[in-house]
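Colleague: need a structure here:
(2 chains)
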2 protein chains.
Amino acid sequence: MKYPSGINKEFKKFKSYSNRGMNLEQDLNDTNAYYLNQELAVIYKKPTPITINKVDYKSRTDAVIKEAHFKIPSTTDYNGIYKGNYIDFEAKETNNTTSFPLNNIHKHQIEHLKKIYKLGGIGFIIVRFNKVNKTYLLFVKDLLLFIENNKRASIPRSYFEEKGYIIKDGINPRLDYLKIIDKLEVNYEKSEK
Amino acid sequence: MKYPSGINKEFKKFKSYSNRGMNLEQDLNDTNAYYLNQELAVIYKKPTPITINKVDYKSRTDAVIKEAHFKIPSTTDYNGIYKGNYIDFEAKETNNTTSFPLNNIHKHQIEHLKKIYKLGGIGFIIVRFNKVNKTYLLFVKDLLLFIENNKRASIPRSYFEEKGYIIKDGINPRLDYLKIIDKLEVNYEKSEK
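Modeller: Coordinates of the predicted model:
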């Protein structure tokens, strides 16, 4: 496989016309970069899964993908390690003010988080309500609790208020979500290990 | 983001003219699928990191990437969770018989494995010597031990024999590499946690 130069420039170019979910994603990437630099955690967003159909090996220094399609992800977007714990989560933004539509998360992503939970990992979703500018962390067990006990296609924000945790906006890190895990780690040790 | 149909067909098509590293990759994917089905571990290969330049939103049901480039990965290819432990590794094949050229692994991938090790994760490389049909697992600490004490650009196979662990070929799972981690878990608990 050959690698091109000027990657960053090109990536910015693409970003500029693809803003959906970019603010939360950028905040999380900045936060994860902070954790990485501080040697607190190693957490990355996974690359977008694609199916490659055509590759043009135009030169010895470059290969250009000429046709590819987006694939439905089989896992969540983010995973890594914090204090020896496996961390796994999905992050979504919504412009709704009162509820989070569950069709924002693929069924197999929820199944994935369920498996992580069973194996003793720390799984959760991070949901930002853009209009009210609030970002919540909801652990898998509470996500499953809702899904298994409700027929609704969306989780009311009141459920995030009740069962979830607010992630406060900060400067550096932007979204210190690991602080919430610190509080719960003891419980996790008990319930998972 | 819209998703196309016929993903698997297209993926096989691409695979068929891209064999480099495919045998080991296929064996590991099959093994990870086995672990997943048995609910023993959740370990996935990360998607190939790419930079997307042009996307054609041709229809409401499909988006086609018209130009993209391969990016140098900043992490290893595989990670996940096993028995509550964070697992992280890179897998490579070589046609050399006596040594494994280190330029097969990017410097920042080794740095990544070092960070995982420091944070209490279980990191390693899996290297298959195709010509002699032997597959080894070498833990990060032994990989670093070699790099820090040698000027050489390749790791002799004898070092894998001495410090590494042979992963035996099997039917199902194809490459039971987690069996090796079982043996060492106690040591890891001691040294990492």
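Colleague: what does stretch A:93-104 contact?
Modeller: For stretch A:93-104, the external contacting residues (Cβ atoms under 8 Å, 6 or more residues apart in numbering or on different chains) are A:21, A:23-24, A:92, A:127-132, A:147, A:152-157, A:160. Using the backbone N, CA and C atoms, a C-beta is placed for each residue, glycine as well.
Colleague: ugh, typo on my part, it should be stretch A:151-168
Modeller: Contacts with stretch A:151-168, where a contact means Cβ under 8 Å, 6+ apart, come from A:96-103, A:126-127, A:129, A:132, A:134-139, A:142-143, A:145-146, A:175-177, A:180.
Colleague: What residues sit buried inside it?
Modeller: By 16 or more other Cβ atoms under 10 Å in any protein chain shown, the buried positions in stretch A:151-168 come out as A:154-155, A:157, A:159-160, A:163-165, A:167.
Colleague: what about that stretch, how long is it end to end?
Modeller: The straight-line separation of the ends of stretch A:151-168 (Cα to Cα, to the nearest Å) is 30 Å.
Colleague: Is there a quick PyMOL command that grabs whichever of the contacts of stretch A:151-168 are buried?
Modeller: Remark: buried members of the contacts of stretch A:151-168, expressed as a PyMOL selection using 16+ other Cβ under 10 Å:
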select buried, chain A and resi 96+99+100+102+126+127+129+134+135+136+137+138+139+142+143+146+175+176+177+180
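Colleague: Which of the contacts of stretch A:93-104 fall within helices?
Modeller: A:23-24, A:147, A:157, A:160 (DSSP state H).
Colleague: and the two most separated of those residues?
Modeller: Farthest pair in these (Cβ to Cβ) is A:23 and A:147. Separation: 26.5 Å.
Colleague: Have a look at these two and say which one is more surrounded.
Modeller: Comparing residue A:23 with residue A:147 by neighbour count (other Cβ atoms under 10 Å in any protein chain shown), the higher total belongs to residue A:147, at 16 against 12.
Colleague: Counting neighbours, what do you get for residue A:93?
Modeller: Counted with other Cβ under 10 Å, residue A:93 comes out at 19.
Colleague: Dig out what it forms beta bridges with.
Modeller: residue A:128 (DSSP bridges).
Colleague: Report how many residues lie close to residue A:104.
Modeller: Residue A:104: 17 neighbours (other Cβ under 10 Å).
Colleague: all strands of chain A, in order?
Modeller: A:41-45, A:50-59, A:62-70, A:78-82, A:85-94, A:99-101, A:122-129, A:134-139, A:154-156, A:165-166 (DSSP state E).
Colleague: Go through these and name the closest to residue B:70.
Modeller: strand A:62-70 (5.9 Å).
Colleague: how close does residue A:37 get to residue A:172?
Modeller: 10 Å (Cβ to Cβ, to the nearest Å).
Colleague: what do you get for residue A:97?
Modeller: 29 Å.
Colleague: do residue A:70 as well
Modeller: On the measure of Cβ to Cβ, residue A:70 and residue A:172 end up 32 Å apart.
Colleague: Specify which member of the ones in helices among the contacts of stretch A:93-104 is nearest to chain B.
Modeller: Distance to chain B, by Cβ to the nearest Cβ, is smallest for residue A:24 among those, at 15.1 Å.
Colleague: Looks like that closest one contacts residue A:126 (just checking).
Modeller: Yes. Between residue A:24 and residue A:126 a contact is recorded at 7.3 Å, counting by Cβ atoms under 8 Å.
Colleague: so what sits against both of these two?
Modeller: A:91-92, A:135.
Colleague: from those residues, which is closest to chain B?
Modeller: Using Cβ to the nearest Cβ, the shared contacts of residue A:24 and residue A:126 come closest to chain B at residue A:92, 12.3 Å.
Colleague: which residue sits closest to that closest one, ignoring its sequence neighbours?
Modeller: residue A:104 (4.7 Å; Cβ to Cβ, 6 or more residues apart in numbering or on different chains).
Colleague: I'd like to know how far the one you found sits from residue A:162.
Modeller: Taking Cβ to Cβ, one finds residue A:104 at 20 Å from residue A:162.
Colleague: That concludes my questions; thank you for your assistance.
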